[in-house]
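*Asks:* Here you go, sequence then predicted model.
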Amino acid sequence: MALEYKFLGRDKLLKGYTYPIKRGDLDAALERAGVPELRFIAFSCNPKHRSKGPFLSSRMLGEAQTSGGWAERSPYIIISAVPADISPRVKERIAEKDLLNNFAGWLKALEDAENVRRMKDQFYTATLIDGKLVVENT
């Protein structure tokens, strides 16, 4: 089964910013993990609202907030631009920690999870803080 999602596009990069994750690399990791569908993927470049926020974020509403069904509560993914001067470090940490494959595995686990886990909102973020990759998830 091929991965399905709506691609909301890629914001035009501001001078001095770059995306640390390529869409093709993300798609490949999601397909390897067997993730069947997502609500959407978007690439965002909005440094005023970022203030050292995550470069990778995902969320899925819990079943308690939707009418049920995997398609209606599919997760979404937002890739945020980072300053070009830290991009090499972000990319190094992504590779060192196998972030994309671990993230894709987390998404696949949501699909297969028991109702108890799926009842609550689920989230995943990856941020570079003081040169270290910080991942938070439910």
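*Replies:* Cool, got the structure.

*Asks:* Going by C-alpha atoms from here, please, whenever you check contacts or count neighbours.
*Replies:* Will do.

*Asks:* List the buried residues in stretch 6-20.
*Replies:* Residues 10, 17, 18, 19, 20 are the ones in stretch 6-20 that count as buried (16 or more other C-alpha atoms under 10 Å).

*Asks:* Which residue, other than its chain neighbours, is closest to the fourth one?
*Replies:* For residue 19, ignoring the flanking residues on the chain, the nearest one in space by C-alpha to C-alpha, 6 or more residues apart in numbering is residue 81 at 4.5 Å.

*Asks:* and residue 9, what element?
*Replies:* strand 4-10 (DSSP states H and E).

*Asks:* Strands of the protein, residue ranges please.
*Replies:* Assigned by DSSP state E, the chain shows strands spanning 4-10, 17-18, 37-44, 56-60, 76-80, 82-83, 122-129, 132-137.

*Asks:* and residue 115, which of the ones you listed is closest to it?
*Replies:* Within these, the stretch nearest residue 115 is strand 122-129; the backing value is 12.4 Å (C-alpha to C-alpha).

*Asks:* Summarise which helices and strands the closest one is packed against.
*Replies:* Judged by 3 or more C-alpha pairs under 8 Å, 6 or more residues apart in numbering; DSSP states H and E, the packing partners of strand 122-129 are strand 56-60, strand 132-137.

*Asks:* mind checking which of those is nearest residue 88?
*Replies:* strand 132-137 (12.6 Å).

*Asks:* what lines up beside the strand holding residue 9 in the sheet?
*Replies:* Strand pairing for strand 4-10, determined by DSSP bridges: strand 37-44 (parallel).

*Asks:* what angle sits between the partner strand and strand 76-80?
*Replies:* 20 degrees (axes from the mean of the first three to the mean of the last three C-alpha atoms, to 10 degrees).

*Asks:* So for strand 37-44, what gets flagged as buried?
*Replies:* Across strand 37-44, burial judged by 16+ other C-alpha under 10 Å covers 37, 38, 39, 40, 41, 42, 43, 44.
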